[in-house]
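Peer 1: A predicted structure for the sequence below; I have some questions about it.
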Amino acid sequence: MGKVIGVKRLAELRRSWRNCRVVFTNGVFDLIHYGHLRLLEDCKIMGDVLIVGMNSDASVKKIKGQKRPIMPFKERSKILAALEPVDYVVSFGEETPLKLIKKLKPDVLVKGSDYKVREIVGAEEVKGWGGEVKRVKLLPGHSTSELIKRIAKLSER
């Protein structure tokens, strides 16, 4: 079994992890960069198993526009799964991971510090079953949007 896994199988595994602290984060992870790696390393420190919910290609188009994703899910997920902190990658097709969060019931929900806790999808649900919601400090200048802008500038020369 690989790290990129379907939600049904992951939910089965989750039910068997009674003594594990499960951490969940999510995102598009379109062009994986150092900021992503640091976020994932910070997430992994918070628990035993790190699950990353990744937007499907259709979901990315809904939230980022028709020109995204730059890389298809199959490539994004394999690159993400190859990173040491990541235990599992699971796709979600909705604009938010709320259904996935409710199904997996993580002990810790993590997002970047660019979100206020009240803006984090699933925060109330996770707190409701006794879990924690954490915000991780982001590295300035290390976002996919910034990376795309830098690449575009280079191509202008």
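Peer 2: Okay, I see it.
Peer 1: going forward, measure contacts between C-alpha atoms and count neighbours the same way
Peer 2: OK.
Peer 1: after the helix or strand where L13 lies, next one along is what?
Peer 2: For L13, the enclosing helix or strand under DSSP states H and E is helix 7-16. As assigned by DSSP H and E, the chain's next helix or strand after helix 7-16 is strand 22-27.
Peer 1: If the residue nearest to M46 when sequence neighbours are not counted is in a bridge, with which residues?
Peer 2: Taking CA to CA, 6 or more residues apart in numbering, and ignoring the residues beside it in sequence, M46 has V23 as its nearest neighbour in space, at 6.9 Å. Beta bridges link V23 to L50, V108, judged by DSSP bridges.
Peer 1: which residues in the chain form strands?
Peer 2: Counting by DSSP state E, the segments of the chain that form strands are 22-27, 49-55, 88-92, 108-112, 132-136.
Peer 1: Hmm, D107 and the residue nearest to M46 touching each other?
Peer 2: Yes - under the criterion of CA atoms under 8 Å, V23 lies in contact with D107, with a separation of 6.0 Å.
Peer 1: Tell me who's in contact with the residue most central in space within the chain.
Peer 2: Here the mean C-alpha position of the chain is nearest to the C-alpha of N26 (CA atoms, centre = their mean), at a distance of 2.1 Å. Contact criterion CA atoms under 8 Å, 6 or more residues apart in numbering gives 52-55, 97, 111 as the residues in contact with N26.
Peer 1: Who's the closest spatial neighbour of it, skipping the chain neighbours?
Peer 2: Taking CA to CA, 6+ apart as the measure, N26 lies nearest to G53, with 4.3 Å between them; neighbours along the chain are not counted.
Peer 1: quick one: that neighbour and V86 touch, right?
Peer 2: No - in this structure, G53 is not within contact of V86 by CA under 8 Å, at 10.7 Å.
Peer 1: re earlier: looking at V23 and D107, which has the bigger crowd around it?
Peer 2: In terms of neighbours (other CA atoms under 10 Å), V23 is the more surrounded of V23 and D107; the figures are 26 against 20.
Peer 1: list the contacts for that one?
Peer 2: For V23, the contacting residues are 43-44, 46-51, 106-110, by CA under 8 Å, 6+ apart.
Peer 1: Mark which of those residues are buried, thanks.
Peer 2: 43-44, 46, 49-51, 106-110 (16 or more other CA atoms under 10 Å).
Peer 1: Great, nothing more from me.
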